[in-house]
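**Q** Here's my sequence, what's the structure:
(3 chains)
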Amino acid sequence: MGQRVGIVAVAQTKYEGSKPALRLAELAHQPVREVLEQTGLKYTEDGTGIDFSICATDDFWDAMTLSDTPIGDVVGAHHRPAEKVSQDGAQAALYATIAILSGHYDVALVVAHCKESQPASRNLITSCAFCPVCTRILGVDYLSAAALQAKRYMYKYGITREQCAKVSVKSYKNAKNNPYAQNAMALTVGDVLSSRMLAYPISTLDAYPVSDGACAMILATEEKAKRLTDKPVWVNGVGNCYDCHHLGDRDLADSDALEMAAKRAYKMAGIKNPRREIDVAEISGQYSYQELMWSEGLGFCGKGEGGKLIDSRATEMGGKLPINPSGGVLPGNPMIVAGLTRVVECVLQLKGEAGARQVAKAKTALAHGTSGPCGQLHSVLILGI
Amino acid sequence: MARRVAIVGIGQTHHQAHREDVNQVEMVNEAVTAALEDAQLRIKDIDCVLHGNMELFEGVHQPDMWHVDGDGAYLKSGMRLTTGGTTGGTIACAAYNHVASGLFDTVMAVGWEKQEEGHTTTGIAAMADPLWDRRLQTGAISGMTAATMIRDFGERAGEVAAMVRIRDGENASRNPYAHLRNKVTREEVMNSYMLVHPIRLLHMCPQSNGACVLIVASEEKAGRITEKPVWVKDHVTTHMEAMLNETILMRDDLAEWASMRVCARKLYKRNGITNPVNEIDLFEMYDPMVWMEMEWADWFLLLERGGYLKLVEDGVTDRNGSFPVNPSGGVVTTNPIGATALIRVAEAALQIRGDAGEHQVDKEVKTAMASAFGGTFWTILHLLSKERP
Amino acid sequence: MAKKAADEYLVMPYLVSVPCNFSAGPYMGRLLREMKEHKKLWGNKCPSCGRIMFPPRAVCGQCHGVEAGDWVELSDKGTIFAFDVCYYPYIDPSTGQPKAVPWARGVIQLDGGGALIHFLEPPDPDKLHPGMKVQAVWKEEGRTGEMMDILYFQPIEEDKR
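**A** Numbers count the residues shown, from 1 in each chain, chains lettered A, B, ... in the order given. Predicted structure coming up:
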């Protein structure tokens, strides 16, 4: 306690629509192997290596009860502590931070993996997240729920489809600079608006495609982080928060839970004016409207001003607060992994290792993940150097 | 050193075979309400809600989302950790870690399972590799441990198995929250329905519907909440490689190799314990069937193979014995899987507090141990104490 | 709960069924192909601890992720280490159908190395015993590259306990 937690190594696979050549554990092994090579760390009990392994995995996606069982083999679980966070990967990074701050462990390995291509349809999976008695039987899944939210958000604040489409244009453009990105395209707003409609107002290019991938990182106490790398990235603030579940219980146009999560993270990090103090943000938007909504919840603009924010071009590369230089989730990032990928990308930004997608002189970054329907649970991490 | 953490609130449902009268959320809410009442707290006093169960049992994806209605997580921090049978232990560890980190003061851990809403053995069978042994599963009802006990101890093994079940039944009859509360006789055990040879119905845990909630708090808060904080001295988690579970039985060094002893040795070393049967007052052990208790207790307690059989025969593990095991009735009488490991911690805590009512053990309980089991032979151990560490 | 009370509550039956495509990967993939095409079992070795891993896999979990080394052809004959016989019908998660009972399975130590769990015939605790020598019975036709390409293991000799 009193010490900071540092991220000392990160790695990710290329995200692809399908990775048929690999089993799930083999997929997870790829970024794990890389972070082990980067740090030279081994799995030990004597405090000289990795103390604890956390897997972000989901039994439904993996079609396996205790889906972390096979992953255990690639994260040194044998005879050692290993854990499973069955939510978006940002929660796993959060838990690693908490576990290290607790003093119970010094060095933690975190890995997230998911193959959205494994089930016949990801809607079958996300539909099961709804109350079976009232909601699931209506055929609601995360896509149709998101469409409801998008419609409400646009109605309440006058956000237009064009403004949402600009998020897709920006995301796919940024992805060109990201060698791990699943897809990159030069799009126009017209391209997005005329793409096949999935669930109004979300069209194909407003939605993230089916995606497979994995990413991993190693976190450590301040003292060990400084020894493990020249450029530790500090976790200065964390926050998460649940909203209510039934879609009718809240005004879907606003995100109280995200505001709360952000507030907690900002308070811990000592951030008073996020618009000024955050240099770069990686936020998880599976559908284009979400980047606008989450920007509001994070305080990057006022309530209802998400459309104005994207119009202002402040969140583009070169703007005052670039959002998703990696391209974000929209070009392709699987559930469970997406939030952890955001942390990975922020770390690369702060270390100056983001290549063509680098935001100059980034010192403070925000990584965001979300779980549940319509952003029911949000996780925020503030990172800095 | 890290902040000290104490258990300040305990709540359970009355675990039963049938709870058609509630949905999952309502069932969880019963335990949450009970825990808050026990701690004399309101939901607004809780900073964070940790949630766990096995989602493929009830077929609800990320049920923590739906459950915010009942567990009070609305606008609160929280997360979901699920590790099968060890889930309850995992969320207890996480609750401790959350408070010890200094970021949270009062954290609630919610473990639950509504087993009637799915097929338990089907859910457990799905643990296995879909490309290899998923068709070869008997769920939790694996007969191989029992087979090796019978091979090594002959008829004595069956007799002790019955004794363990009789003891658990006796204890459960005194525990208002237990599922199977009827006392059983030797004949009933020996003649009960054969599930998977040689495991009989009464050797095996039931499928229960239930929830358990633990509230833990920082030392400072705990002092204001309760006069009887139960201190979480330590927790150790030990996993194993992914394997065809029963092949582990082939190892000559099984006693030292299985996670139970590895975990126990680590816990004992960290806490200066050399003779657990003498230095720990009570053990709430997660054994899905009596045969596993008979084998694993040797590993946990650093005994030679067969040493635990003698302890049972001598009445040492009875409620009024010198080393009571499962005074709650244990897993063999109550098993809502996502809650079960948390119930072990909760029951151990109740004993330390002296609040276990009719199933309170006779001796004074200063130190108690609780184990969790799941996965491919994973173990979590908690060490609780009456005195502040 | 009294039956009367239970009758008053609505219970909705619901089937969760998710068709999946599981990748076999290069290790499991090779095993399953060899089973299908050649009726052979293959494992691989850990270069660190030397053990034979079956089914074959990418890394040795016991050695915390050491990448697997050589492939080893395994025998399809072995010895029963332990077995159990299931009388309790439950729904197989791979098929959605209840399994026919009784059925038996055993931990089988393969001659020369490697161990697996597989079905045993006959499913009768009086006709099986630890130490019994057993042999795989393969599907002669219609093998598809899955565990069930071996139908079961059966005793080589009539060897009653």
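
**Q** Give me the most central residue, the chain.
**A** You didn't pick a chain, so chain A it is. With distances taken as CA atoms, centre = their mean, the residue of chain A nearest its centroid is residue A:339 (1.6 Å).

**Q** wait, chain C
**A** Chain C, centroid-nearest residue using CA atoms, centre = their mean: residue C:118 at 4.0 Å.

**Q** For chain C, which helix or strand comes out least confident on mean pLDDT?
**A** Each helix and strand of chain C was given a mean pLDDT (mean pLDDT, DSSP states H and E); the minimum falls on helix C:3-8 at a mean of 60.

**Q** Name the residues of the helix or strand following that helix that are buried.
**A** Next along the chain after helix C:3-8, taking DSSP states H and E as the criterion, comes helix C:25-38. Neighbour counts over helix C:25-38 (16 or more other CB atoms under 10 Å in any protein chain shown) mark C:25, C:27, C:28, C:29, C:31, C:32, C:34, C:35, C:36 as buried. Every residue, glycine included, has its C-beta placed from N, CA and C.

**Q** Which ones among those also lie next to chain A?
**A** By CB under 8 Å from any CB of the partner chain, the members of the buried residues of helix C:25-38 lying near chain A are C:25, C:27, C:28.

**Q** Could you list which residues are in contact with the first one?
**A** This points to residue C:25. Residues near residue C:25 by CB atoms under 8 Å, 6 or more residues apart in numbering or on different chains: A:21, A:22, A:23, A:26, C:58.

**Q** Just the buried subset of these, please.
**A** Counted by 16+ other CB under 10 Å, those give A:22, A:23, A:26, C:58 as buried.

**Q** a markdown table for these, including secondary structure, pLDDT and distance to residue A:276?
**A** Below are the buried ones among the contacts of residue C:25 laid out as a markdown table (DSSP: H, G, I helix; E, B strand; the rest coil; pLDDT from 0 to 100; distance: CB to CB, whole Å):
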| residue | secondary structure | pLDDT | distance to residue A:276 |
| --- | --- | --- | --- |
| A:22 | coil | 95 | 43 |
| A:23 | coil | 96 | 46 |
| A:26 | helix | 97 | 44 |
| C:58 | coil | 96 | 47 |
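
**Q** For the spatially most central residue of chain B, which three-state class applies?
**A** When CA atoms, centre = their mean is applied to chain B, the residue found nearest the centroid is residue B:341 (2.7 Å). Here residue B:341 is helix, with the state taken from DSSP: H, G, I helix; E, B strand; the rest coil.

**Q** May I ask you to confirm that it is in contact with residue B:88?
**A** Yes - between residue B:341 and residue B:88 there is a contact at 3.0 Å, judged by CB atoms under 8 Å.

**Q** any common contacting residues for the two?
**A** Residues touching both residue B:341 and residue B:88 (CB under 8 Å, 6+ apart) are B:111, B:372.

**Q** Tell me what residue B:79 is bridged to.
**A** Beta-bridge pairing for residue B:79 (DSSP bridges): residue B:50.

**Q** for the lowest-mean-pLDDT helix or strand in chain B, packing partners?
**A** One helix or strand of chain B scores below all others by mean pLDDT, DSSP H and E: helix B:120-125, with a mean of 86. Applying 3 or more CB pairs under 8 Å, 6 or more residues apart in numbering or on different chains; DSSP states H and E, we find helix B:120-125 packed against helix B:55-58.

**Q** Please see if the following helix or strand past the helix it packs on touches chain C.
**A** Remark: after helix B:55-58, the chain's next helix or strand is helix B:63-66, criterion DSSP H and E. No - interface with chain C: helix B:63-66 contributes nothing (CB under 8 Å from any CB), its closest point being 12.9 Å away.

**Q** Give me the contact list for the next helix-or-strand element following the least confident helix or strand of chain B.
**A** Per DSSP H and E, the first helix or strand lying C-terminal to helix B:120-125 is helix B:144-153. Identification of contacts with helix B:144-153 by CB under 8 Å, 6+ apart yields B:157-158, B:160-161, B:198-199, B:203, B:246, B:249, B:289, B:291-292, B:294-295, B:305-306, B:309, C:82-84, C:107, C:130.

**Q** Could you look up the SS state of residue A:125?
**A** Once three-state DSSP is applied, residue A:125 turns out helix.

**Q** check contacts around it.
**A** By CB under 8 Å, 6+ apart, the residues touching residue A:125 are A:60, A:61, A:119, B:61, C:18.

**Q** before we move on, the earlier item: check the spacing between the residue nearest to the centre of chain A and chain B real quick.
**A** Counting by CB to the nearest CB, to the nearest Å, the gap from residue A:339 to chain B is 12 Å.
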